[in-house]
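Undergrad: Using only what follows, build the 3D model:
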Amino acid sequence: MLHQTFIRSALAALAIGAGTVSAQATEIVRAITFTPAQVSFAQNFQKYVDLVNERGAGVVQIQTIGGPETIPQARMGEAQQNGIADMFLLPAGLYLNIVPEGEAFAGSNRNPMDVRADGGIEMINEIFHEKGNAHVLAHVDGGAGFHLWLTEKPEITDSGEVDLTGIRLRSSPLYRAFLEELNATIVVQPAAEVYTSLERGVVDGAGYPVTGLRDYGWNKFLKYRLDPSFFQTDVLISMNLDAWNDLSDEAREILQQAAIEHEQSSYEANLALNESEKAAMAAEGIETIELTGAQAETFLTTAYDIAWARLKERDATHHDALKDVFFEPIE
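TA: Purely as a prediction, here's the structure:
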């Protein structure tokens, strides 16, 4: 059970200036990010905040009031559902226990703009409204997936499959089943704890996007990166549904339009950042092991099959309709 009284008190202390601005009829949206402020995901989100605050002067303002130091990542889905804060920069994979259909974002191999154009966001919002008391504004920082980062070289079998037997990997619940399929020993822990785990040899690597990895300093210990990437980063800008509905039409329009623009600009920026970070890590000595051809196809098919099968097992109601929009068969 989330300690709502404690967290509300903490957020109130962080948002001391909000009352003054509200008195001037500006609507205040209190935001939480799933990473600390210095990590790339939170820094990218700040671009959205700045855009809204510029356009929304006198109408609506976003006030970022904390990150995982305020609400633990594992509790953020529940916090959003209960209205502990108004807006969240939060991966869908961190609250699949509440909205299992959030799997569609990571299980997607299409870009967020095409999914939106084909009605995917509208479709999935009906589900998020009902199950998560949440409204999705945008799928941001898309276009890149998760990589396996290792301190020792992985084994590739004669049949071309990756075998991680004996390797301990930090995982999140989102891709735990996939790493287990590759025979890895799994350690589930927050990203903030991984540096110490790598330093002490508790884990031999991690699954994580390129974005943010050097921000955490993990590159100091890593020697190998396994390509291709799997899944797609599933970071969402979303709001507590009650808070969204309480906003004026003008405020909602400003927030939504800026989110649509940020969805595309963050996608493009993420692609560029991935290339620059890849080059920087290669210069530091991290070797890329690239699966190609049938090996890559087997690797990716295994990953995506697990994601969609997990959704179907949890709740098959919307599985087929979502997969038709979010996923293109691998050829």
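
Undergrad: Helices of the stretch 201-331 of the chain, residue ranges please.
TA: 213-216, 241-246, 249-283, 293-314, 319-326 (DSSP state H, counting those that start in this stretch).

Undergrad: Kindly state which of those helices is positioned closest to residue 62.
TA: helix 249-283 (8.0 Å; CB to CB). Every residue, glycine included, has its C-beta placed from N, CA and C.

Undergrad: what about that closest one, average pLDDT?
TA: For helix 249-283, mean pLDDT is 94.

Undergrad: By mean pLDDT, flag the weakest helix or strand of the chain.
TA: helix 18-22 (a mean of 38; mean pLDDT, DSSP states H and E).

Undergrad: about what we covered before: got TSV for the helices of the stretch 201-331 of the chain, with distance to residue 86 too?
TA: As requested, the helices of the stretch 201-331 of the chain are exported to TSV (distance: least, CB to CB, whole Å):
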stretch	distance to residue 86
helix 213-216	26
helix 241-246	4
helix 249-283	10
helix 293-314	28
helix 319-326	26
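
Undergrad: Would you agree residue 162 is in contact with residue 153?
TA: No - Residue 162 is beyond contact range of residue 153, at 11.2 Å (criterion: CB atoms under 8 Å).

Undergrad: on that earlier part again, can you say which of the helices of the stretch 201-331 of the chain is nearest to residue 27?
TA: helix 249-283 (4.9 Å).

Undergrad: which secondary structure elements does the closest one contact?
TA: Helix 249-283 sits against strand 27-33, helix 40-55, strand 60-66, helix 112-117, strand 134-139, helix 213-216, strand 235-240, with contacts defined as 3 or more CB pairs under 8 Å, 6 or more residues apart in numbering; DSSP states H and E.

Undergrad: can you tell me which of those the model trusts least?
TA: helix 213-216 (a mean of 91).

Undergrad: got a list of contacts for that one?
TA: 38, 39, 40, 149, 191, 192, 194, 195, 219, 277, 280, 281 (CB atoms under 8 Å, 6 or more residues apart in numbering).

Undergrad: where does the stretch 101-250 of the chain dip in pLDDT?
TA: Counting by pLDDT under 70, the stretch 101-250 of the chain shows no low-confidence range.

Undergrad: Strands of that one, residue ranges please.
TA: 134-139, 146-150, 155-156, 162-163, 168-171, 185-188, 205-208, 224-230, 235-240 (DSSP state E, counting those that start in this stretch).

Undergrad: Residue 113: which of those is closest?
TA: Between the strands of the stretch 101-250 of the chain, strand 134-139 lies closest to residue 113; by CB to CB that is 9.1 Å.

Undergrad: tell me what the closest one is packed against?
TA: The elements that strand 134-139 packs onto, with contact taken as 3+ CB pairs under 8 Å, 6+ apart, are helix 112-117, helix 120-132, strand 235-240, helix 241-246, helix 249-283.

Undergrad: so which of those comes closest to residue 168?
TA: helix 249-283 (21.2 Å).

Undergrad: about what we covered before: any idea which of the helices and strands packed on strand 134-139 is most buried?
TA: Comparing these by mean neighbour count (mean count of other CB atoms under 10 Å), strand 235-240 comes out on top with a mean of 27.

Undergrad: Now do that one: which elements does it pack against?
TA: Using 3+ CB pairs under 8 Å, 6+ apart, strand 235-240 is in contact with helix 40-55, helix 76-82, strand 87-91, strand 134-139, helix 249-283.

Undergrad: Let me have these in CSV, extended by distance to residue 157.
TA: Below are the helices and strands packed on strand 235-240 laid out as CSV (distance: least, CB to CB, whole Å):
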stretch, distance to residue 157
helix 40-55, 35
helix 76-82, 37
strand 87-91, 31
strand 134-139, 35
helix 249-283, 26
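
Undergrad: Of all those, which one is nearest residue 100?
TA: That would be helix 76-82 among those, by CB to CB, at 11.4 Å.

Undergrad: what's the domain layout of the chain?
TA: What automatic domain parsing lists as the domains of the chain is 4-143+233-271, 146-230+286-316.

Undergrad: My read is that residue 51 contacts residue 260, right?
TA: No - using CB under 8 Å, residue 51 makes no contact with residue 260, being 11.0 Å away.

Undergrad: Go through the domains of the chain and pick out the most buried.
TA: domain 4-143+233-271 (a mean of 19).

Undergrad: Look up how far residue 266 lies from residue 144.
TA: 11 Å (CB to CB, to the nearest Å).

Undergrad: I meant residue 278, not that one.
TA: 18 Å.

Undergrad: ditto for residue 74
TA: 24 Å.

Undergrad: Leaving out sequence neighbours, find the closest residue to residue 223.
TA: residue 151 (5.6 Å; CB to CB, 6 or more residues apart in numbering).

Undergrad: follow-up on the earlier one: dump the domains of the chain into a markdown table; add distance to residue 325 as well.
TA: What follows is the domains of the chain, written out as a markdown table (distance: least, CB to CB, whole Å):
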| stretch | distance to residue 325 |
| --- | --- |
| domain 4-143+233-271 | 4 |
| domain 146-230+286-316 | 13 |
